[in-house]
Every structure is written in C-alpha cells, then in structure tokens.
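Novice: Following is a predicted model, sequence given first.
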Amino acid sequence: MPAHAKYWVWPVVIAGALGLYGVVTSSGVAPQLAAYVAVIAGAVAVTALEFVLPYRPAWRPARAEVESDFAYMVLVQGVLPVLLAFTVVAALSRYLTEAGIALTHFWPHHWPVPFQAVTMLLIADLLRY
C-alpha cells in the first residue's frame, strides 16, 4: 500500500458510504434499506481494497477466507438476529397473551427520546449476547 493511502482510504470509504446513503434516501428509498445499501457498499469497497492495496502484502486475504467471512456476516450478523428476534417475540407474545398479561404500557414513552434510544440499544445488545 502506498504510504499516504493509509491516511485517506478509510475516510474516503466512510464518506462514500455516507454520500451513498444520502443519495439513496433522497431518491425516496426508506432509510433502513438505504443504510443496508451503504453498509454493503462500504464492505465491498473495503474487501476490494484489501485485495488491491493491502496494508501489508502478507495480509492479502485468501479467496476462501473472504468467502467464509461473507457467509459469517450474512448468516450470523444478518439472518440469525432477525430469526431470533421474530422467534422470541412470537413466543413471548403467545405466552403473555395466554397468561392474560397486556403490554400496552410496557415501554417508557414518557421518557425523553435520547433515553429511550439508549434503553433500546442496551436491550438489543443484551439480547444479542
């Protein structure tokens, strides 16, 4: 890798992903889908750059390694959390309905939005572990 590339590669990839997100959302695509598009484009760019301009030539990944990393990202980071979330929510909803417990006031809607966001992130991260 050229010595100066280590200073501009990551900022360019991040700026490109953010720019792509802006372009995709401004064209009317839902922000959630636009975020996936930007993340996937950034991951493809980083992977391609690892082949073309590895930080050290010995670090150039083998094709099989990239394929296994891709499979891991798709299955473990993408599909599995969604399946687990649906399964847990469906099971919990059924259990609570059968027990006669209503969760209409479960979430603290009266809290300020930043506190709700932090609470949601903590719960989501806790459930991932």
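Specialist: Yep, that arrived.

Novice: Name the helix or strand for residue 50, please.
Specialist: For residue 50, the host element (DSSP states H and E) is helix 31-52.

Novice: what pLDDT, on average, does that helix get?
Specialist: Helix 31-52 shows an average pLDDT of 90 in the prediction.

Novice: neighbouring contacts of the helix or strand just after that helix?
Specialist: Sequence-wise, the next helix or strand downstream of helix 31-52 (DSSP H and E) is helix 63-72. For helix 63-72, the external contacting residues (Cβ atoms under 8 Å, 6 or more residues apart in numbering) are 47, 61. Quick note: C-beta positions are derived from backbone N, CA and C, even for glycine.

Novice: rewinding a little: please name every helix or strand in contact with the helix holding residue 50.
Specialist: Secondary-structure packing of helix 31-52 (3 or more Cβ pairs under 8 Å, 6 or more residues apart in numbering; DSSP states H and E): helix 5-26.

Novice: got the buried residues for the helix it packs on?
Specialist: Across helix 5-26, burial judged by 16 or more other Cβ atoms under 10 Å covers 9, 13, 17, 20-21, 24-25.

Novice: ok and that helix relative to helix 31-52, angle-wise?
Specialist: On the basis of axes from the mean of the first three to the mean of the last three Cα atoms, to 10 degrees, helix 5-26 is oriented at 150 degrees to helix 31-52.

Novice: chain center to helix 5-26: distance?
Specialist: When distances are taken as Cα atoms, centre = their mean, to the nearest Å, helix 5-26 is centred 16 Å away from the chain's centroid.

Novice: and that helix, what other elements does it pack with?
Specialist: In terms of contact count using 3+ Cβ pairs under 8 Å, 6+ apart, helix 5-26 is assigned the packing partners helix 31-52.

Novice: Buried residues, the helix it packs on. List them.
Specialist: Judged by neighbour count (16+ other Cβ under 10 Å), helix 31-52 contains these buried residues: 34, 37-38, 41-42, 45, 49.

Novice: Columns distance to residue 76 on top of these, output as JSON lines?
Specialist: Formatted as JSON lines, the buried residues of helix 31-52 follow (distance: Cβ to Cβ, whole Å):
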{"residue": "34", "distance to residue 76": "23"}
{"residue": "37", "distance to residue 76": "20"}
{"residue": "38", "distance to residue 76": "20"}
{"residue": "41", "distance to residue 76": "20"}
{"residue": "42", "distance to residue 76": "18"}
{"residue": "45", "distance to residue 76": "21"}
{"residue": "49", "distance to residue 76": "23"}
